[in-house]
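Asker: build me a structure from this.
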Amino acid sequence: MIYTTENIRVIEFVEVIRNRPAMWIGGVDSVGFHYLLFELVENVIREFQYNSASKLKVTINTDNSIKIADNGSGISLKKFASQKQRSVLEIDLTQIDFNIPEINKKRSFPHQGLGLVVVNALSENLVVNVYQDGYRWSVVCQQGNIIQPLKRHEKTQQTGTEITFKPDREIFLDCKFDSELIVNRLRELAFLKAGLEIEFEDQRKNFSKNFHSKNGLTDFVKFLNKDEQVLYDEPFEIYENLRGLETEIHIAFQNIIANEGSVAGFVCDHHNKEGGTHILGFFKGLSQTISEYGQRHGLISGEPPSFDDCVFGVSAVVCYNVTNPMYESPSKSYLGNQKVIDLVCGITEKHLSHYFSEHPEIAEQIVSRAVFHQSQRRMLNS
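Answerer: As a prediction, the model looks like this:
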């Protein structure tokens, strides 16, 4: 075949997404269309980090469409002459926006600048209401195309953005939103973003749930341990902002008595379900601090407890925020940065050693717990 200019066709970005949806959201199954929702939720999280929004509401409607609303400043309605006098909102709905605010570059959000156009392209219909400048403004879309340009409506004192969309049944295998999955993710975000008020409503089931955490990760650990007997009352919290490395390390943990414990790892708010080097670094720092303290205070005689002995019964949330995380798969389920191990280990040792020196009774309980598990393990192996 001979190619000429007649063979060339310009493909609009929306069409590119609709032709290859898995490239943008990972698949067309349930995970894929829930990803659309969480992409918009991430936008509200950014507003919260800008101190612009304080409330998020997610509503599943009876027709299985879903609405995401916030009380932020609203998506910009500024118009550009270079874009045929289209507003920023209309551009964001149909084009790539590479003008990413600096705060987002430091948090590795998914598909930065692509979120709204991807959601729009893969929706049967989508309506955006923006409450700004004393009025309600709206844009209506179908399958990624704007069918009602920006329109001004009634006056209002409300501010924020409200997006309602319905996943396209021509693309997705199943379009029924899973309220349990959504509730679990919104609960996580409420713990990770202390102070953010989150409301969830499922009108199909007449079910609603509110989330708000004042103490963030310590509340998260208490939630993980709500049915457990704990070794001491309050979780211990570690926070370090390494500005030179553009890195934040935030950890909370508490020991429980009867069971193995549970650890949840997050990188830039993404749940790493398979773990990662940030968790390994925390465990390494914890075990080394326990061994060092125990030997120095005569609580350990002979061989120190193993790594597994020290981390048994620990419930923890380990958060690591960095500019360029290295995941081992597109699902972001495991963090692979090897340098993170020693970094998190050192931070853990520094803070935990200080905590042990100020709370010797708790330090003794934690060390004794590790020694007890060591003896139990030896009995089972003998």
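
Asker: quick one, what contacts the residue nearest to Val344 when sequence neighbours are not counted?
Answerer: Closest residue to Val344 apart from its sequence neighbours, by C-beta to C-beta, 6 or more residues apart in numbering: Gly281 at 2.9 Å. Every C-beta, even on glycine, is put in place using the N, C-alpha and C of the backbone. Each residue near Gly281 by C-beta atoms under 8 Å, 6 or more residues apart in numbering is listed here: 340-345, 348.

Asker: hmm, 10 Å instead?
Answerer: The contact partners of Gly281, by C-beta atoms under 10 Å, 6 or more residues apart in numbering, come to 249, 251, 318, 320, 335, 337-348.

Asker: next, give phi and psi for it.
Answerer: Recorded main-chain torsions at Gly281 are phi -60, psi -40, according to degrees, to the nearest 10.

Asker: so what pLDDT did the most centrally placed residue in the chain get?
Answerer: For the chain, the residue whose C-alpha lies nearest the mean C-alpha position (C-alpha atoms, centre = their mean) is Asp269; its distance is 2.9 Å. At Asp269, the predicted lDDT confidence score is 91.

Asker: kindly provide the distance from it to Asn125.
Answerer: Here the distance between Asp269 and Asn125 works out to 29 Å (C-beta to C-beta, to the nearest Å).

Asker: same question for Leu173.
Answerer: On the measure of C-beta to C-beta, Leu173 and Asn125 end up 19 Å apart.

Asker: who has more neighbours out of those two?
Answerer: Asn125 (15 against 11; other C-beta atoms under 10 Å).

Asker: in the helix or strand encompassing that one, what's buried?
Answerer: Applying DSSP states H and E as the criterion places Asn125 in strand 123-132. For strand 123-132, the buried set under the neighbour-count rule, 16 or more other C-beta atoms under 10 Å, comprises 123-124, 126-132.

Asker: pick out the most distant pair among the residues you listed.
Answerer: Checking the buried residues of strand 123-132 against each other with C-beta to C-beta, the farthest-apart pair comes out as Glu124 and Gln132, at 26.3 Å.

Asker: Gln374 contacts Pro305, doesn't it?
Answerer: Yes. Gln374 is in contact with Pro305 according to C-beta atoms under 10 Å; the separation is 4.3 Å.

Asker: point out where the stretch 201-350 of the chain drops to low pLDDT.
Answerer: Applying pLDDT under 70 to the predicted model, the residue ranges of the stretch 201-350 of the chain that meet it are 330.

Asker: in the chain, where's the longest helix?
Answerer: Once the chain is assigned using DSSP state H, the helix that runs over the most residues is helix 360-381.

Asker: tell me where the chain has helices.
Answerer: Listed in chain order (using DSSP H), the helices of the chain are 13-19, 22-25, 30-49, 88-94, 102-105, 115-121, 179-192, 217-224, 277-296, 307-311, 339-358, 360-381.

Asker: want to try TSV for the ones you listed, with distance to Thr156 as columns?
Answerer: Shown next, in TSV, are these (distance: least, C-beta to C-beta, whole Å):
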stretch	distance to Thr156
helix 13-19	30
helix 22-25	33
helix 30-49	18
helix 88-94	17
helix 102-105	28
helix 115-121	22
helix 179-192	26
helix 217-224	34
helix 277-296	44
helix 307-311	53
helix 339-358	47
helix 360-381	53
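
Asker: what's the most buried one of the ones you listed?
Answerer: When neighbours are counted by mean count of other C-beta atoms under 10 Å, the highest per-stretch mean among these falls to helix 115-121, a mean of 25.

Asker: now do that helix: which elements does it pack against?
Answerer: helix 13-19, helix 22-25, helix 30-49, helix 88-94, strand 123-132, strand 135-142, strand 145-155, strand 160-167 (3 or more C-beta pairs under 10 Å, 6 or more residues apart in numbering; DSSP states H and E).

Asker: domain assignment for this protein?
Answerer: As given by automatic domain parsing, the domain ranges for the chain are 5-211, 217-381.

Asker: isn't Leu343 up against Leu335?
Answerer: No. In terms of C-beta under 10 Å, Leu343 does not count as a neighbour of Leu335; the distance is 11.8 Å.

Asker: are there residues contacting both of these two? Which ones?
Answerer: Going by C-beta under 10 Å, 6+ apart, residues that sit against Leu343 and also against Leu335 are 277-278, 281, 320, 322.

Asker: between those, which sits nearest Ala370?
Answerer: Here the nearest of the shared contacts of Leu343 and Leu335 to Ala370, counting by C-beta to C-beta, is Gly281; it sits at 18.2 Å.

Asker: distance check, that closest one against Thr247.
Answerer: Taking C-beta to C-beta as the measure, Gly281 and Thr247 are separated by 12 Å.

Asker: intersection of neighbour lists for those two?
Answerer: Any residue near both Gly281 and Thr247 by C-beta under 10 Å, 6+ apart counts here, and that gives 320, 340, 343-344, 347.

Asker: could those be laid out in TSV, adding distance to Ile300?
Answerer: TSV is the format used below for those (distance: C-beta to C-beta, whole Å):
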residue	distance to Ile300
Tyr320	30
Val340	28
Leu343	26
Val344	24
Ile347	23
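
Asker: thanks again, I'm all set now.
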